[in-house]
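Undergrad: Below are the sequence and a predicted model for it; my questions follow.
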Amino acid sequence: MKTYAVIGLGKFGSQVALDLLQNEEQVIAIDKNEDKLKEFKNICENLFIIDTTDILSLKEAGINEVDTAIVSIGENIEASILTVMALKEIGVKEIMAKAHSQIHGKILSKIGTDRVIYPERDAANRLVKGITTNPKVELIDITNTMKIIKYKIPSKYANITIEEFSNQTIPNINIIALKRDDEWKNSVNNSLVLCKGDVILLLGNVAQTQKFLLNLA
């Protein structure tokens, strides 16, 4: 099992930490805002409020022992850069950092960040890849945060149950309707066996729909 430090628990950092925890990875979660940490108190044992630009504080939290540190600090670019430098100083094996702009990303690369992440750009690329490589997929915006995926079942997923389909693509995404023989059913049981040509509607948030499309790609 690898160990991870997630520094900064905004929208991106929180989702990363949550996904790692759901995959049963060892996570150290860090944020300067105590309220952000409270959201993780029941699911993560290692929570710290520290100055991540301070080398001693990082060592006391055990960050020098992690395999990967993921820096997802908010709009404070200076703190992001100084944190990466401190992580390099204490010998963290792999450092990933979220960039807010191309210039920020270039600076992060220059100071030795192993992987620079551009969340919005990367998310858009994954969505486009998922849609263009799967003509059976249609993405429908409901709100800024909720999406519906309209998906036509190919032979790959025929003759398995809804539950098995969910486990193979993305667990816990909500299938709200199914069309078979030109008739829509708005009550879908997990034990229902899918047929080739069925059309299903899946409701999920942005992260869930991105994962679904990525798993199909």
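TA: Structure's in. What do you need?
Undergrad: So the residue nearest to residue 194 when sequence neighbours are not counted versus residue 199, what's the distance?
TA: Here the nearest residue to residue 194 in space, its sequence neighbours aside, is residue 153; by CB to CB, 6 or more residues apart in numbering that works out to 5.1 Å. (C-beta placed from N, C-alpha, C; glycine too.) To residue 199, residue 153 is 7 Å away according to CB to CB, to the nearest Å.
Undergrad: What of residue 163?
TA: Taken as CB to CB, the spacing of residue 163 relative to residue 199 amounts to 18 Å.
Undergrad: Equivalent analysis for residue 15, please.
TA: Plainly put, residue 15 is 29 Å away from residue 199 if you go by CB to CB.
Undergrad: before we move on, what about residue 73?
TA: As judged by CB to CB, residue 73 and residue 199 stand 43 Å apart.
Undergrad: ok, now residue 206?
TA: In terms of CB to CB, residue 206 sits 22 Å off from residue 199.
Undergrad: which element is residue 92 on?
TA: For residue 92, there is no enclosing helix or strand under DSSP states H and E.
Undergrad: Can you name the residues that contact it?
TA: Under the criterion of CB atoms under 8 Å, 6 or more residues apart in numbering, the contact partners of residue 92 comprise 5, 63-64, 66, 68-69.
Undergrad: If we use 7 Å, what do you get?
TA: Shown here is residue 92, whose contacts under the criterion CB atoms under 7 Å, 6 or more residues apart in numbering are 63-64, 66, 69.
Undergrad: Please check the residues you listed and keep the buried ones.
TA: Under a neighbour-count criterion of 16 or more other CB atoms under 10 Å, the subset of the contacts of residue 92 counted as buried comprises 63-64, 66, 69.
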